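Return atomic coordinates for the entry below.
(2 chains)
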Amino acid sequence: MNFFEKLVSLDRRFIYLSLGLAVIIPIVFKLVLPVRVSEPVRAAYESIERLTEGSTIMVSIDYDASSEPELQPMLLSVLRQCFAKRHKVVLLGQWPLGLPFGEIGLNAVSGEFNARASSNADSIVYGRDYVNLGYRPGYRALMVGLGREFRDFFAADYRGTPLDNLPLMRGVHNYNNIDLLVGLEAGQAGDEWIQYAGARYGLNIVIGSTGVVAPDMFHYLQAKQIKGLVGGLQGAAEYETLVKHPGTGTAGMVAQSTAHVLLLVFIILGNIAYFVMKGRKQP
Amino acid sequence: MTSVIGTWIAAGLTLAIFSFLYRDNPAYKFAEHLYVGVSAAFAVLYTWAFDIWPMLVEPMILGRGVADPVDRWILIVPACFGLLMLARWIPRVAWLSRWAISLTVGIAAGLGITGQIQGILLPQIRGTLLPMNSIDNIILVVGVITTLVYFYFSVEHKGLVKAGARIGVVFIMASFGASFGYTVMARISLLIGRLNFLVTDWLHLFR
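Model prediction:
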């Protein structure tokens, strides 16, 4: 059996092992590559940066554990930027299983800021600076309904506190009181936000999405239906670079690159072997 | 201590799922069934805690957050439609569930039509009406037109239409390639996330 015959009949477990090593070695040795920020990500960052201090930003957690590696770094970066600019954050979600990730992100980032705070005014306080509304069913109907009145769907927040008992929410009734929506999307909810909150109510929207969803979002960006787009782990790494807080997104980029190179090598070798074997079979 | 136990459970389950890459085995099956069961239980709890309790029980039965009695008792209507959904479990009255399904289908269709027209069709047409003064704009307009030509089946694809459709196929293939590339990136990202967890949070190989 020659080289190409061996290649064609290669055990798939060898490919899994190679891919595992290509990913784990850069992680263990903490290899880092410089990250170049693309225009869609910079536009997303600037959309938040340009808002006046104290603006209200709604963050929608539309993902769960299966997309956490890509979208959680985006959430953390966006929250760091928002709290640094003293923007108010209203968090909610269309995926019930994703809400704990929103709560984890809020607790982690508010904790970072509060550890450095010297007074109550410097601190990030629940109810004053951020609120977690939680999940309500309804999807499209909810997106349309929030344009009328938040209280029709959220009488209380994630912790059961009535909305009017939260200082931040006293002035928030509908999309007129929201300056920007940041949708973190692992599915169709991004399209729905654009169609129902963006097109109908003129809400400004920035999308952070998984790599699978990102290609379907570029046409919205081109048509100026969204202000910016953060796509996949690469986008997360770029956003971390912009907020000057490298995290798991940046740490994963070398592993991402080595895995891609390995896959390219396998695709090229596989095709060469296929054509060589095909040529030998033909008389 | 709780977080240490949680990390060990998560690491064990991750390795159990990864073991499928070698071959199917009882550890993988256990982790798979556990995941399905936990997800189902979590969904039931969420439905109660974030749906039935705050949107039906609290306003209608306990009267919390509702000033107008009409707003309170009108909730009987969606509650009844919700109960009709459960009629599917009783063969003799299963047909009643169609009323509830009709309602949801009607609402979804109504919202869907307006959303598609207002949110996609019109803005995307507007986004394609571009001056042909740059390479980007020319590629975009040619791509849209030739792709539409490819999906135009009212005339036979020959001559100019055939040429346009061929160019359209190239754009469609480029689009598929981009989607596939992004999908590969996304799947590798998930692997990175899990291995990062194992190396950092579980084994503490680096911080």
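
Low-confidence bits of chain B, can you list those?
For chain B, the stretches with pLDDT under 70 are B:205-207.

just the helices in it please.
B:2-18, B:26-47, B:69-73, B:76-85, B:97-116, B:122-128, B:135-150, B:160-196 (DSSP state H).

anything in the last one near chain A?
This means helix B:160-196. Yes: remark: helix B:160-196 sits within contact range of chain A at B:175, B:178-179, B:182-186, B:188-196, by Cβ under 8 Å from any Cβ of the partner chain. Just so you know, the C-beta spots here come from the backbone N, C-alpha and C atoms, and that holds for glycine as well.

what is the orientation angle of that helix with helix B:2-18?
Relative orientation of helix B:160-196 and helix B:2-18, computed by axes from the mean of the first three to the mean of the last three Cα atoms, to 10 degrees: 130 degrees.

quick one: the helices in chain A?
Using DSSP H, helices in chain A cover A:3-8, A:12-28, A:39-49, A:68-84, A:99-116, A:140-145, A:167-170, A:189-192, A:199-201, A:218-222, A:232-242, A:248-251, A:253-281.

Out of the ones you listed, which is closest to B:Pro26?
helix A:12-28 (18.8 Å; Cβ to Cβ).

returning to what we had before: output the helices of chain B as CSV; include the columns mean neighbour count.
Formatted as CSV, the helices of chain B follow (neighbours: other Cβ atoms under 10 Å in any protein chain shown):
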stretch, mean neighbour count
helix B:2-18, 13
helix B:26-47, 13
helix B:69-73, 12
helix B:76-85, 14
helix B:97-116, 14
helix B:122-128, 15
helix B:135-150, 15
helix B:160-196, 17
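
ok, back up a step: ok, of the helices of chain A, where does mean pLDDT dip lowest?
Of all the helices of chain A, helix A:3-8 carries the lowest average pLDDT, namely a mean of 82.

Need the residues that contact it.
Contacts with helix A:3-8, where a contact means Cβ atoms under 8 Å, 6 or more residues apart in numbering or on different chains, come from A:Leu269, A:Gly270, A:Ile272, A:Ala273, A:Tyr274, A:Val276, A:Met277.

tell me, which of these make contact with chain B?
Okay, of the contacts of helix A:3-8, nothing touches chain B (Cβ under 8 Å from any Cβ).

Need the max-distance pair from those residues.
Across these (Cβ to Cβ), the longest gap, 12.3 Å, separates A:Leu269 and A:Met277.

wait, isn't A:Val59 in contact with A:Gln94?
No: the pair A:Val59 / A:Gln94 is not scored as a contact, 11.7 Å apart, by Cβ atoms under 8 Å.

and for the two, which residues touch both?
By Cβ under 8 Å, 6+ apart, no residue touches both A:Val59 and A:Gln94.

Domains in the chain, by residue range?
No chain specified, so I'll use chain A. A:3-28+A:258-281, A:39-245 (automatic domain parsing).

that's the other chain; I wanted chain B
If you go by automatic domain parsing, chain B breaks into B:1-74, B:77-109, B:116-207.

Contacts only, for the closest residue to B:Val144 other than its chain neighbours.
In space, and not counting its chain neighbours, B:Val144 is closest to B:Thr128: 5.3 Å by Cβ to Cβ, 6 or more residues apart in numbering or on different chains. By Cβ under 8 Å, 6+ apart, B:Thr128 lies in contact with A:Ala223, B:Leu140, B:Val141, B:Val144.

can you put those residues in CSV and add distance to A:Pro34?
Listed next are the contacts of B:Thr128 as CSV, based on distance: Cβ to Cβ, whole Å:
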residue, distance to A:Pro34
A:Ala223, 32
B:Leu140, 31
B:Val141, 36
B:Val144, 36
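
of all these, which comes closest to B:Gly65?
The closest of these, once distances to B:Gly65 are taken by Cβ to Cβ, is A:Ala223, at 39.5 Å.

So that closest one sits against B:Gly127, correct?
Yes: with contact defined as Cβ under 8 Å, A:Ala223 reaches B:Gly127; the gap is 2.8 Å.

which one of the helices of chain B lies closest to A:Tyr239?
When these are compared (using Cβ to Cβ), the closest one is helix B:160-196, at 14.2 Å.

gap between that closest one and the chain center?
19 Å (Cα atoms, centre = their mean, to the nearest Å).

Check which helices and strands that helix sits against.
Judged by 3 or more Cβ pairs under 8 Å, 6 or more residues apart in numbering or on different chains; DSSP states H and E, helix B:160-196 is in contact with helix A:12-28, helix A:68-84, helix A:232-242, helix A:248-251, helix A:253-281, helix B:135-150.
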